[in-house]
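Undergrad: Turn this into a model:
(one chain, ligands or ions: 1)
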Amino acid sequence: MMELKHDHLPIHLTNLAQRYGSIYRLKCGTTTMVVLNSSKVIREALVKKWCDFAGRPISYTGDIVSGGGCNISLGDYTEKWRAQHRLVHSSLQRCCKKSLHDVIERQALHLLKVLMGYKGRAVDLSEDFTVAASNVITTMAFGIEYDKSSSELQELHRCLNEIVALWGSAWISALDSFPLLRKLPNPVFAHLLKEVVRRDKIIGRHLNNYKSQDKKNQDVITGSLLQGLDNQNTKDKLLTDIHVHMATVDLLIGGTETTAAWLNWMVAFLLHRPEVQELVYEELCTVLEGRYPKYSDRHRLPVLCSLISEVLRLRPVAPLAVPHRAIRDSRIAGYFIPKNTVIIPNLFGAHHDPEVWPDPYSFKPEGGGSGGGSTRDLIPFGGGARLCLGESVAKMELFLFSAYLLRDFQFLLPESETSLPDLRGVASVVLKIKSYEVVARPRPVTNP
Ligand code: HEM
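TA: Numbering: from 1, shown residues only. Below is the predicted model:
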């Protein structure tokens with residue numbers, strides 16, 4: 001049995017792959033896990049054999065944070081889950097097609113204003129990135145935008161952040177692996193329960209607010225989801241309000257910390273390689289001739305796109321995806337995998353695989369990005385039936401936010417700072433960079 005308590009689990013699992021290969025088994029308490037460390041084995045399990053590995057582990061703590069498994073990310077692969085997934089997917093597509101681009105553009109412009117307000121002072125931008133990403137999702141979900149000082153937004157962020165952090169902690173995962181511990185007092189678990197109640201109160205308030213409106217806006221995701229509930233066949237009503245409630249939680253959690261963490265990584269990598277920032281800036285100036293970019297400009301901005309891919313490769317913000325479960329006996333890379341085995345797709349490991357990436361640990365966006373490997377092997381959003389539900393939202397956000405920021409600002413290490421940001425990161429469910437300060441110096445105004 002291996003010790004799984006480690007300060008950076010993705011790096012630890014990746015190091016183990018050097019000794020044991022791209023697929024190995026670990027035992028943690030009563031749970032057997034198979035860790036997949038290359039894009040080849042991950043794609044075999046998640047994409048080619050998706051119907052064998054689309055399950056989620058049965059988890060005592062997962063059940064508690066997900067309203068009894070009623071959400072998308074932790075719910076098992078059942079008929080109800082498929083109905084909920086179909087409903088959320090179609091609502092997301094419909095609402096994003098109508099307004100996502102405008103919503104992100106508005107938030108990007110607002111972010112530029114906030115940065116301008118710092119007047120070249122050294123600041124930690126993580127909170128601003130969180131507000132920007134969160135506002136995209138809350139606008140899409142509820143039609144509400146907050147500012148940074150909003151106490152409700154702060155409460156919601158704090159609470160969702162706490163839940164993700166607590167749920168990823170050893171105190172909580174131990175309850176899944178060692179059931180006897182559930183009988184002992186556990187203050188961390190008590191804290192988690194309190195935060196779940198707080199979260200459900202805030203989301204419930206928004207949903208009730210929406211339901212009580214006379215003129216309902218069905219272009220917001222929650223409206224579209226509730227409409228979808230009403231449209232269900234009365235004979236086999238699979239979904240209820242709790243599925244809408246928990247899907248909203250999924251979108252808020254999935255859509256906030258991931259994008260915000262990525263923006264923080266992008267700025268940090270550029271502080272390490274300022275010449276890359278200049279290459280992106282020159283490309284933006286040449287191609288856009290002074291105007292702000294549209295998502296459709298991405299094909300004409302290869303350096304920026306390479307930067308985005310390279311940051312996603314080196315720091316996949318969901319480094320171990322979400323654990324999968326074999327729903328029947330199967331095989332991966334020729335090895336027998338019994339039903340119920342927990343599968344950990346180590347995306348961080350796959351993105352640092354020396355068999356695929358010639359120089360896996362170097363940040364090299366200028367050579368077309370992806371460290372010289374193939375884009376097929378870049379799998380930051382997972383794949384198959386459990387592919388990230390927000391992939392297209394995230395891609396548009398990463399592109400527009402970074403293009404707006406790098407068009408209008410040059411990011412510099414503060415003069416008072418002697419060391420560059422530490423790129424190792426802190427790994428929980430989301431891989432984040434340790435907080436650092438940066439100066440955002442406005443670029444000269446360009447006239448379109
Ligand atoms: C799941 C990555 C942004 C919503 C996932 C998974 C990964 C991932 C790796 C797990 C896939 C698996 O289980 O195999 C990312 C990255 C993002 C991002 C790298 C941004 C840089 C978003 C956004 C949203 C979102 C913006 C919502 C709008 C979800 C949901 C799931 C998920 C709901 C659960 C899917 C399921 O269980 O079927 N994401 N994500 N994500 N993500 Fe994202």
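Undergrad: Please make it C-alpha for all contacts and neighbour counts, starting now.
TA: OK.
Undergrad: same question for stretch 59-77, mean pLDDT?
TA: What stretch 59-77 shows for mean pLDDT is 91.
Undergrad: Now do it: distance from first to last residue.
TA: One end of stretch 59-77 to the other measures 14 Å (CA to CA, to the nearest Å).
Undergrad: Touching that stretch from outside, list them.
TA: Residues from elsewhere that reach stretch 59-77, judged by CA atoms under 8 Å, 6 or more residues apart in numbering: 54-58, 81, 84-85, 163, 167, 172-173, 175-176, 193, 196, 242-243, 246-247, 249-250, 322.
Undergrad: Buried by neighbour count: which residues of that stretch qualify?
TA: 59-62, 65-77 (16 or more other CA atoms under 10 Å).
Undergrad: quick one: is it near the ligand?
TA: Yes - using CA under 6 Å from any ligand atom, we find that stretch 59-77 touches the ligand at I72, S73.
Undergrad: quick revisit: would you mind checking the contacts of stretch 59-77 for buried ones?
TA: Judged by 16+ other CA under 10 Å, buried ones among the contacts of stretch 59-77: 54-58, 81, 84-85, 163, 167, 172-173, 175-176, 193, 196, 243, 246-247, 249-250, 322.
Undergrad: Now do V317, the pLDDT please.
TA: 97.
Undergrad: What about it, how many residues nearby?
TA: Here the count is done by other CA atoms under 10 Å, and V317 has 28 residues near it.
Undergrad: what sits against the residue of the stretch 101-250 of the chain found nearest the ligand?
TA: As assessed by CA to the nearest ligand atom, the ligand sits closest to D250 within the stretch 101-250 of the chain, at 4.9 Å. Taking CA under 8 Å, 6+ apart as the criterion, D250 is in contact with N71, I72, S73.
Undergrad: which among the residues you listed gets closest to L46?
TA: S73 (14.7 Å; CA to CA).
Undergrad: Wasn't that closest one part of a helix?
TA: No - per DSSP: H, G, I helix; E, B strand; the rest coil, S73 lies outside any helix segment and is coil.
Undergrad: ok, it to A54 distance?
TA: 11 Å.
Undergrad: Identify the contacts common to these two.
TA: Joint contacts of S73 and A54 (CA under 8 Å, 6+ apart) do not exist.
Undergrad: re earlier: could you dump the contacts of D250 into TSV with distance to S39 added?
TA: Formatted as TSV, those follow (distance: CA to CA, whole Å):
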residue	distance to S39
N71	27
I72	24
S73	21
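Undergrad: The ligand: which of these is nearest?
TA: For the contacts of D250, the nearest to the ligand is S73 (3.3 Å; CA to the nearest ligand atom).
Undergrad: So what does L387 look like in phi/psi?
TA: Phi and psi for L387, reported as degrees, to the nearest 10, are phi -50, psi 140.
Undergrad: residues contacting the residue nearest to it when sequence neighbours are not counted?
TA: Of all residues not flanking L387 in the chain, F381 sits nearest, at 6.1 Å (CA to CA, 6 or more residues apart in numbering). By CA under 8 Å, 6+ apart, the contact set of F381 is A318, A321, L387, C388, E391.
Undergrad: what about the strands in this structure?
TA: 23-28, 31-36, 122-123, 324-325, 330-332, 335-337, 342-345, 409-412, 426-427, 431-432, 438-442 (DSSP state E).
Undergrad: with the contacts of F381 in mind, which one is nearest to S362?
TA: A318 (19.7 Å).
Undergrad: Report pLDDT for the spatially closest residue to the closest one that is not a sequence neighbour.
TA: Among residues not flanking A318 along the chain, V430 sits closest, at 5.0 Å (CA to CA, 6+ apart). pLDDT for V430: 92.
Undergrad: Let me know the distance separating V430 from the ligand.
TA: 9 Å (CA to the nearest ligand atom, to the nearest Å).
Undergrad: re the thing from before, top of the contacts of F381 by neighbour count?
TA: That'd be A318 among the contacts of F381, by other CA under 10 Å, with 25 neighbours.
Undergrad: Next, the contact list for that one, please.
TA: T258, L347, P380, F381, V429, V430, L431.
Undergrad: Can you tell me who the last one pairs with across the strands?
TA: The partner list for L431 in beta bridges (DSSP bridges) reads A427.
Undergrad: My guess is it contacts A321. True?
TA: No - at 10.6 Å, L431 does not count as touching A321 under the criterion of CA atoms under 8 Å.
Undergrad: how about the residue lying closest to H206 once chain neighbours are set aside, what does it touch?
TA: Once flanking residues are discounted, H206 sits nearest to F142: 7.4 Å by CA to CA, 6+ apart. Shown in contact with F142 (CA under 8 Å, 6+ apart): H206, Y210, V220, I221, T222, G223.
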